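Chemist: The sequence and its predicted three-dimensional model are supplied below.
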Amino acid sequence: MIKTTELTKVFGENTVLKNISTTIKPGEVVAVIGPSGSGKSTFLRCLNLLEEPSAGDIEIDGKVITTPKVNKLEVRKNIGMVFQHFHLFPHMTVLDNVTYAPIKVKKFSKEAAEEMGKELLAKVGLSDKVEAYPNRLSGGQKQRVAIARALAMDPEVMLFDEPTSALDPEMVKEVLDVMKDLAQTGMTMVVVTHEMNFAKEVADRILFLDNGVLMEEGEPSTFFAKPKTQRAKDFLDKVL
Ligand code: ADP
Ligand code: MG
């Protein structure tokens, strides 16, 4: 579903992704972990071309997206993204947040979009918030709206960048539960997270980034029990 080949990203004199090659299969849930500043967000942002890779290639669903003539909007239609800070439209109701892109981009009728939007909001447990405005919601509720909004475009891949890092502790679970349900539907997911329990339980594979280098990748059971590199050992000592 996603293949990166020697993906490299340079900011000024700073090479923040160094020759990252990996393949993510359809339906796979991959957790990207590593120290702050290791390039996790940049890696995710390259996958939907929010950042332009400096070198290397990315294929999504068999199509190379790292060519000058690629239509970025077409690429992004297929890739949902959820951010740490929600990024909801504050002046729109919850339902309008969810239906906006399907109506604008996918040319859904208002009725069809609203029917789908309500279904998605029910799935994330927010049927009673359809008409609410974002400022009336808790962080956990906002993030669930953001997930429903991303799903409304019917993406093939969902990217999550620390979706629970801005939440009060009691709201983390409700968001992780929604993500777990989504994983069980067979969605291909790439999740940058500090939630090691989520990574252990839900991810099929861990990518460990350190200083822009993909230091290790493997099954969670192996990675957490027997990290191969000293870098990964040091990191796990700090976070576990
Ligand atoms: P992480 O998500 O793992 O914390 P990031 O991908 O955000 O790491 O950042 C990796 C490195 O790239 C950091 O050194 C950061 O300062 C740098 N960086 C990220 N975005 C930019 C940018 N737009 N311009 C310059 N440097 C950036
Ligand atoms: Mg980050």
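Modeler: Yes, it's here. Ligands and ions are numbered 1, 2, ... in the order given.
Chemist: Which secondary structure element of this structure has the lowest mean pLDDT?
Modeler: helix 72-77 (a mean of 93; mean pLDDT, DSSP states H and E).
Chemist: How about residues contacting the longest helix anywhere in the chain?
Modeler: Ranked by number of residues, the top helix in the chain under DSSP state H is helix 169-184. Residues from elsewhere that reach helix 169-184 (CB atoms under 8 Å, 6 or more residues apart in numbering): 29, 123-125, 138-140, 143-144, 147, 151, 158, 160, 163-164, 167, 189, 191, 195, 198, 201-202. C-beta: built from backbone N, CA, C; applies to glycine.
Chemist: what's the average pLDDT for that helix?
Modeler: When pLDDT is averaged over helix 169-184, the result is 97.
Chemist: For it, buried residues please.
Modeler: For helix 169-184, burial by neighbour count (16 or more other CB atoms under 10 Å) applies to 171-172, 174-176, 178-179, 182-183.
Chemist: One more: stretch 89-100?
Modeler: When burial is assessed from 16+ other CB under 10 Å, stretch 89-100 yields the following buried residues: 93-100.
Chemist: Looking at these, which two lie furthest apart in space?
Modeler: Using CB to CB, these reach their maximum pairwise distance at 94 and 100, which is 11.1 Å.
Chemist: Just name the closest of the buried residues of stretch 89-100 to residue 48, please.
Modeler: Within the buried residues of stretch 89-100, the smallest distance to residue 48 is 18.0 Å, found for residue 100 (CB to CB).
Chemist: my read: that closest one touches residue 89, true?
Modeler: Yes - using CB atoms under 8 Å, residue 100 makes contact with residue 89 at a distance of 6.8 Å.
Chemist: what residues does this structure put near ligand 1?
Modeler: Residues of the chain lying near ligand 1 by CB under 6 Å from any ligand atom: 11, 14, 16, 34, 36-42.
Chemist: Let's see that with 8 Å instead.
Modeler: Counting by CB under 8 Å from any ligand atom, the chain comes close to ligand 1 at 9, 11-12, 14, 16-17, 34-45, 51, 161-162, 192, 209, 212.
Chemist: Now, those that are in strands?
Modeler: For these, membership in strands holds for 9, 11, 14, 16-17, 161, 192, 209, with DSSP state E as the criterion.
Chemist: Which part of the chain gets nearest to ligand 2, residue-wise?
Modeler: Closest approach of the chain to ligand 2 (CB to the ion) occurs at residue 41, with a separation of 3.2 Å.
Chemist: For that residue, give me its contacts.
Modeler: The neighbours of residue 41, taking CB under 8 Å, 6+ apart as the test, are 161-162, 192.
Chemist: now those as TSV including distance to residue 235?
Modeler: As requested, these are exported to TSV (distance: CB to CB, whole Å):
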residue	distance to residue 235
161	18
162	16
192	14
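Chemist: Thank you kindly, that will do.
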